[in-house]
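Visitor: Need a 3D model of the following:
(one chain, ligands or ions: 1)
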Amino acid sequence: MSARFQAAVAGGGTVGLACALLLDRRCDWDVALVERSPPRDEEGEGPQRALTLSPGAVEVLTECGLPSRPGHAFSRMVVWRGEGGPASGNSITFDAAELGVKALGCVAHQAPLRRALWDLAQDCRGIRVYSGAELASVRIDEDCGHLDLDNGDEIGAELLIGADGAQSKLRSALGIEFRSIGYGQTGLVFEADCSEPGGDTAWQRFADDGVLALLPLSETRMSIVWSLPDERAEQLKRLDDKGLEAELNEAGAGVAGNLVAATPIASFPLRRGKAEQACGERYALVGEAARTVHPLAGQGLNLGLGDAEALVRVCAGQGNALIGDARVLGRFARERARYGEEMSWGIHAINAAFEGAMAPLAALGMGAVDRAPPLKRALAARAMR
Ligand SMILES: Cc1cc2nc3c(=O)[nH]c(=O)nc-3n(C[C@H](O)[C@H](O)[C@H](O)COP(=O)(O)OP(=O)(O)OC[C@H]3O[C@@H](n4cnc5c(N)ncnc54)[C@H](O)[C@@H]3O)c2cc1C
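Guide: Now for the predicted structure:
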């Protein structure tokens, strides 16, 4: 069956769903959304990825129609480097009250967040969801973009949006190069219960062999995101619960009391990559289809939701006359390139600095930033967008 829309979004992950919902709300367009793996009911049962969402990302999600804040808010973040705990001096503390905001962000499980957006999209009259369908081919004519699906459905749209993740088929079908490098690191993700209630503070430690983040999901439950060299990550994955907890408690330096692993470990290879171009005549790329970043700053989804917001703002500002026009889309791409590049290189530079010979200098820098309120405020303002 074939149908025609003003926009078609490939990929119903968190970013694609947000994009479709914002297009409906701000532009009132007819939108198609194609997703091969819809959320499953049993998804909440296995190990889950938790994400840190910035206040800017929470604002986007609220505009999409989420009825309440999508996770557990925290108002302090302590980042430190080196042996011992943050009291050793090489630390920065970000405090919401000092920065004049209610919260620095919140920590949410990704699966229920995606499920809530999915349900909103299913109920939205302006969005037609092609669920369980895979992109088979993509082409762009002068006046229309086309998505052909593996179930025989054909979608025509004035604007094609690639939100189909790091391995984007839409991107590769249009011949757009994606330059990507592996960090030689793996992200280990699991949850741990902590003996000292402290749901208000997120912790991040840069050590010689990796970055450990303890993100509060509740007063007594932390999401652990541990970025480690591949070999070290493999070693930890082979340990039994007791062995893993011993390593975790040593790395965590007791900041949240004793930590006890509460879920199995999930692991992710860490890569950094960027599409050669984020838009052209009749197409735009958002989220991980446009770029991937190291999770140490917890910014991947935040960047993707920022892409969705910026793309829809540019489209809404233009009205319906020039949907899919490359010059209009170029405004979106330039805005996001500037911000995404800064963020991506910033994250890359932090990773490189803390890994190598620069480590002692980087640690000294941390104390200096902590004692320079304007610089600290500037850093925090960027991360909270
Ligand atoms: C260890 C780790 C920790 C992280 N922590 C954070 C954090 O704290 N904060 C943060 O902001 N980000 C974090 N991130 C990054 C974040 O998870 C991603 O940036 C985000 O999930 C990407 O969303 P997306 O919608 O762009 O892509 P995806 O979630 O990959 O969605 C793409 C969708 O497209 C669908 N799709 C793909 N191909 C096709 C096709 N051919 N046909 C039909 N459908 C298709 C897929 O099924 C999928 O649903 C972390 C990442 C890692 C690895």
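Visitor: Which residue is the nearest non-sequential neighbour of the residue most central in space within the chain?
Guide: The structure's the chain has its C-alpha centroid closest to L301; by CA atoms, centre = their mean the separation is 1.8 Å. Here the nearest residue to L301 in space, its sequence neighbours aside, is L51; by CB to CB, 6 or more residues apart in numbering that works out to 5.3 Å. C-beta: built from backbone N, CA, C; applies to glycine.
Visitor: And what about the one you found, helix, strand or coil?
Guide: In three-state terms, and counting by DSSP: H, G, I helix; E, B strand; the rest coil, L51 is strand.
Visitor: quick one, what contacts it?
Guide: With contacts defined as CB atoms under 8 Å, 6 or more residues apart in numbering, L51 is in contact with 71, 107-110, 113, 298, 301.
Visitor: give me that answer again for 10 Å
Guide: L51 sits next to 14, 57, 70-71, 105-110, 113, 215, 223, 225, 295, 298-302 when contact means CB atoms under 10 Å, 6 or more residues apart in numbering.
Visitor: now swap in L61 and tell me
Guide: 14, 17-18, 21, 53, 69-71, 108, 113, 116-117, 301, 305.
Visitor: Among those residues, name the ones that also lie close to the ligand.
Guide: When CB under 6 Å from any ligand atom is taken as the criterion, the members of the contacts of L61 that contact the ligand are 14, 301.
Visitor: Now for this protein, the helix or strand with the poorest mean pLDDT.
Guide: Using mean pLDDT, DSSP states H and E, helix 359-370 stands out as the lowest-scoring helix or strand of the chain, at a mean of 53.
Visitor: Do a quick rundown of the strands in the stretch 201-350 of the chain.
Guide: Taking DSSP state E, counting those that start in this stretch, the strands of the stretch 201-350 of the chain run over residues 201-207, 210-216, 221-229, 259-261, 266-275, 279-280, 283-285, 291-292.
Visitor: same question for the fifth one, mean pLDDT?
Guide: Per-residue pLDDT over strand 266-275 has a mean of 91.
Visitor: now do the same end-to-end measure for stretch 102-115.
Guide: With CA to CA, to the nearest Å as the measure, stretch 102-115 spans 27 Å from end to end.
Visitor: Would you mark the buried spots in it?
Guide: Of the residues in stretch 102-115, those scored as buried under the neighbour-count criterion (16 or more other CB atoms under 10 Å) are 103-111, 113-115.
Visitor: Give me the subset of those residues lying in helices.
Guide: Counting by DSSP state H, the buried residues of stretch 102-115 place 110-111, 113-115 in helices.
Visitor: Throw the residues you listed into TSV and include pLDDT, thanks.
Guide: Written out in TSV, the entries for those read as follows (pLDDT from 0 to 100):
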residue	pLDDT
Q110	92
A111	93
L113	95
R114	96
R115	96
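Visitor: Which of those lies at the shortest distance from the ligand?
Guide: Q110 (6.2 Å; CB to the nearest ligand atom).
Visitor: doesn't R49 make contact with that closest one?
Guide: Yes. Between Q110 and R49 a contact is recorded at 4.7 Å, counting by CB atoms under 10 Å.
Visitor: What residues are bridge-paired with the residue nearest to L301?
Guide: When bridges are taken as DSSP bridges, the partners of L51 come out as A108.
Visitor: Compute the distance between it and L33, please.
Guide: Distance of L51 to L33, computed by CB to CB, to the nearest Å: 21 Å.
Visitor: G56: what secondary structure?
Guide: Assigned by three-state DSSP, the conformation of G56 is helix.
Visitor: Tell me if I'm right that it and D307 touch.
Guide: No. Using CB under 10 Å as the test, G56 is too far from D307 to be in contact (11.9 Å).
Visitor: quick one, which of these two is more surrounded?
Guide: For G56 and D307, the more surrounded residue by other CB atoms under 10 Å is D307, and the numbers stand at 30 against 15.
Visitor: can you pull the contacts of the more buried one?
Guide: When contacts are taken as CB under 10 Å, 6+ apart, D307 is in contact with 15, 18-19, 161, 163, 278, 284-291, 332-333, 335-336, 339-340.
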